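# Could you look at this predicted model? Sequence included:
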Amino acid sequence: MTRSAVRAETGATIKPGPMVTAVPERAVDDDQLAAFAAGSGLNGAFLADQLSAWMTHDLMGVCLFSMLARRTPNPILAGLYDRLKSSATEQARTWEELVGNLGGNPRYVSPTARMTGGMDEKITGSFLLNGSGDELTFETAGLNAAFAALSLDLLNACALANCAEKANDGQAKQVMRAAAERLTGTAQKGLSEVEKALSASMFLQVSSSSTQKMMQGVDKAANKIRNVLRS
């Protein structure tokens, strides 16, 4: 089962950092990670750190899309965010399975993953600033956040594909290539949907009168986005 959080009680292992310590039984170092993706000819420790970060990004995406689905008054966008949440869950599961297939621990949290999680958490937390804008402003911000998250998803999948191409022939190369194909397709589909919704929302607002009532704007945005996503 894909994890939603990694803690000591759920089997977490970490690599200590300048201000991060770990009990010996939970600590991991580069020597222990050297056998990761054995036979691939790649730097196992570096690859393990990156996969941990890429998986973390999708786990944080589940949180982001769940929050956006709950807070939007637009039922069309709520449906879109629910689909993206499901996709992010599947993507995280794909990363988790890949790590296991390469001989690693899916519950390893690298320094890169901790930084990635911290940055993604700031984006999700920014939507607590309810006094910073009206509802349509928040709708646009939500789509921007989704677009940014999915763009990084696609970049991560492409990076994995590049790693697979550089790997020696063998089992590691095969499982990385297969995972990259799945991840790339899912990210591209989600990114296309969000791009359409964002373009429709922006066009509607730039074409509307400044005296337009708020809920009229939300209702019109829902209809506009519904038509675009069906095209």
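Nice, thanks for sending it over.

# What are the boundaries of the strands in the protein?
When assigned using DSSP state E, the strands of the chain occupy the ranges 13-14, 108-109.

# which of these sits most buried?
By mean neighbour count, with neighbours taken as mean count of other C-beta atoms under 10 Å, strand 108-109 ranks first of these at a mean of 24. For glycine as for every other residue, the C-beta is placed from the backbone atoms N, C-alpha and C.

# strands paired with it, and their directions?
In its sheet, strand 108-109 lies beside strand 13-14 (parallel), with partners assigned from DSSP bridges.

# quick revisit: show me the one of the strands of the chain that comes nearest residue 51.
Distance to residue 51, taken as C-beta to C-beta, is lowest for strand 108-109 among these, at 8.9 Å.

# Show me which helix runs longest in this protein.
In the chain, with assignment by DSSP state H, the single longest helix is helix 171-207.

# tell me the mean pLDDT over that helix?
Looking at helix 171-207 alone, the average pLDDT works out to 90.

# Equivalent analysis for stretch 88-103, please.
The predicted confidence, averaged over stretch 88-103, sits at 96.

# any idea how far it is from the chain center?
13 Å (C-alpha atoms, centre = their mean, to the nearest Å).

# What pLDDT does the model give the residue positioned nearest the centre of the chain?
For the chain, residue 58 is the residue whose C-alpha lies nearest the centre (C-alpha atoms, centre = their mean; 3.0 Å). According to the model's per-residue confidence, residue 58 sits at a pLDDT of 96.

# and it, what does it touch?
88-89, 91-92, 95, 153 (C-beta atoms under 8 Å, 6 or more residues apart in numbering).

# how does it look with 6 Å?
Listed by C-beta atoms under 6 Å, 6 or more residues apart in numbering, the contact partners of residue 58 are 88, 91-92.

# Redo those as TSV? Include distance to residue 38 and neighbour count.
As requested, these are exported to TSV (distance: C-beta to C-beta, whole Å; neighbours: other C-beta atoms under 10 Å):
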residue	distance to residue 38	neighbour count
88	29	27
91	25	28
92	24	23
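
# Looking at these, spot the one nearest residue 75.
Proximity to residue 75 was ranked across those by C-beta to C-beta; first place goes to residue 88, at 20.2 Å.

# Contact partners for the closest one?
Taking C-beta under 6 Å, 6+ apart, we find residue 88 in contact with 58, 61-62.

# surely residue 147 meets residue 194?
Yes - applying C-beta atoms under 6 Å, one finds residue 147 in contact with residue 194, separated by 5.0 Å.

# between those two, who's got more neighbours?
Neighbour tally, residue 147 and residue 194, criterion other C-beta atoms under 10 Å: the higher count belongs to residue 194, 25 against 16.

# List the residues that contact the more buried one.
Residues near residue 194 by C-beta under 6 Å, 6+ apart: 146-147, 150.
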